[in-house]
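1. Curious how this folds, go ahead:
(one chain, ligands or ions: 1)
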Amino acid sequence: MTTITLVQGDITRQSADAIVNAANSSLLGGGGVDGAIHRRGGPAILQECRALRASRYGKGLPTGQAVATTAGDLDARWVIHTVGPVYSQSEDRSDLLASCYRESLKAADELGARTVAFPAVSTGVYRWPMEDAARIAVETVRNTPTAVEEVCFVLFDERAYDAFARQVG
Ligand code: AR6
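-> Sure, this is the predicted structure:
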């Protein structure tokens, strides 16, 4: 059984075996969570991301997938980078968002991570409505078999925290 916990705050201040990054396909950084993780985690993370682009992910990391690197100076052993879908009103991309959580947990299992901190993937720059994103995140974690013992959702503001709290019940 995976325990789900909620924290309001900055994910780069969390300690966990693995911290999940809401990245983009380039793996080379950006704003939001991604910018914060690279700033606080230091250059070692970007260095591994560049190596991934030069090897397995020459075309970038596809949406819905996940890959791990060092966590650099963060209080974690690994950063798991996942690429959320951009929200679309005309196309249902929910399964891609669910896939981010499934694939991140799979990567965590492969690493042997027991505690994983997730941000609310796709709810910032990618504009996914918070309530729906919270439902998909919580349902997917609940329904994914994993050896991860604790999943902590780290929500940046009260609005996000409340949306996740409604789902966790
Ligand atoms: N800790 C926790 N949550 C945060 C933090 C933080 N330090 N900073 C922002 N959030 P976003 P996306 C919240 O935009 O929507 C980047 O440029 C934020 O309020 O980080 O998946 C990437 O490079 C929101 O609720 O990720 C991609 O290009 C949530 O984290 C693109 O943005 C996700 O917001 C990915 O967009």
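
2. use CA for all of it now, contacts and neighbours both
-> Noted.

3. got the contact list for the residue nearest the centre of the chain?
-> Residue closest to the average C-alpha location in the chain (CA atoms, centre = their mean): residue 20, at 3.5 Å. By CA atoms under 8 Å, 6 or more residues apart in numbering, the residues touching residue 20 are 79, 80, 81, 82, 104, 116, 117, 118, 119.

4. Most neighbours among these, which one?
-> In terms of neighbours by other CA atoms under 10 Å, these top out with residue 82 at 28 neighbours.

5. hang on, the earlier thing: which ones among the contacts of residue 20 map onto strands?
-> Counting by DSSP state E, the contacts of residue 20 place 79, 80, 81, 82, 116, 117, 118 in strands.

6. one step back: can you tell me which of the contacts of residue 20 lies closest to the ligand?
-> Using CA to the nearest ligand atom, residue 119 comes nearest to the ligand of the contacts of residue 20, at 5.2 Å.

7. Find me whatever residue is spatially closest to the closest one, sequence neighbours aside.
-> Leaving aside its sequence neighbours, residue 119 sits nearest to residue 154 (CA to CA, 6 or more residues apart in numbering; 5.2 Å).

8. burial of the one you found, as a residue count?
-> Neighbour tally, residue 154, other CA under 10 Å: 25.

9. Tell me what it is bridged to.
-> Beta-bridge pairing of residue 154 under DSSP bridges involves residue 7.

10. residues contacting it?
-> 6, 7, 8, 9, 10, 11, 117, 118, 119, 120.
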